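*Asks:* Here is a sequence with its predicted model. Questions after.
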Amino acid sequence: MYQWLQTIEVDPESNPYGFVVEAELRTVFLPFCHRTPELASSYLQSFGDRKHADETRLSILQFRGTLAQAAPKQLADFAIDTLIDSRKDRNRRHSGPLHFGLGEATRAVVDIRWPSGIVQNLEEVSADQRLDVAEPTA
């Protein structure tokens, strides 16, 4: 199922059925991806090189299934890349609140890659809290 989903999302012309099945495959894959964390991680990382995948990225953020349990760091990176895509527009900023699920984890390391190129690292961030973060000056 994972291979089929990957194939169809990368090359929609490879779908032999002639109708959209990728959303249905994703809906089946995401709730059970915690059983194979390496596939969940690989799936999220595969979006790094894809072009024109904005709609798919947003649908994954709306329905994450068990991605937070399977690949929490990759999901956080995926969400950041989706919501603040510096490749498209370096001046674009997201100023609203962002929510990241940690699954069963109670702490996380948060790496923020700002569009300016600055990387901000927050160590041992506790779950269930709101953080107000501003881009540091160089």
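*Replies:* Perfect, thanks for sending it. Numbering: from 1, shown residues only.

*Asks:* Test my guess that Leu58 contacts Thr82.
*Replies:* Yes - with contact defined as C-beta atoms under 8 Å, Leu58 counts as touching Thr82 (6.8 Å). Where you see a C-beta, it was placed from the backbone N, CA and C, and this is true even at glycine.

*Asks:* For those two, indicate the residue with more neighbours.
*Replies:* Using other C-beta atoms under 10 Å as the criterion, Leu58 and Thr82 rank with Thr82 on top: 17 against 11.

*Asks:* for the record, mean pLDDT for the helix or strand containing that one?
*Replies:* Element membership of Thr82 [criterion: DSSP states H and E] is helix 72-83. In this model, helix 72-83 has a mean pLDDT of 86.

*Asks:* Can you give the contact residues for that helix?
*Replies:* 40-41, 44-45, 47-48, 54, 57-58, 60-61, 64, 67-68, 94, 98, 100-103, 105, 108-113 (C-beta atoms under 8 Å, 6 or more residues apart in numbering).

*Asks:* Can you select the buried ones from those in ChimeraX?
*Replies:* Listed next is the ChimeraX selection for buried residues among those, using 16 or more other C-beta atoms under 10 Å:
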select :40,41,44,47,57,60,64,67,68,102,103,108,110,112
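
*Asks:* so of the contacts of helix 72-83, which ones are in strands?
*Replies:* 108-113 (DSSP state E).

*Asks:* now, which of the residues you listed sits nearest Ile8?
*Replies:* Arg113 (29.4 Å; C-beta to C-beta).

*Asks:* nearest residue to that closest one other than its sequence neighbours?
*Replies:* Val119 (5.4 Å; C-beta to C-beta, 6 or more residues apart in numbering).
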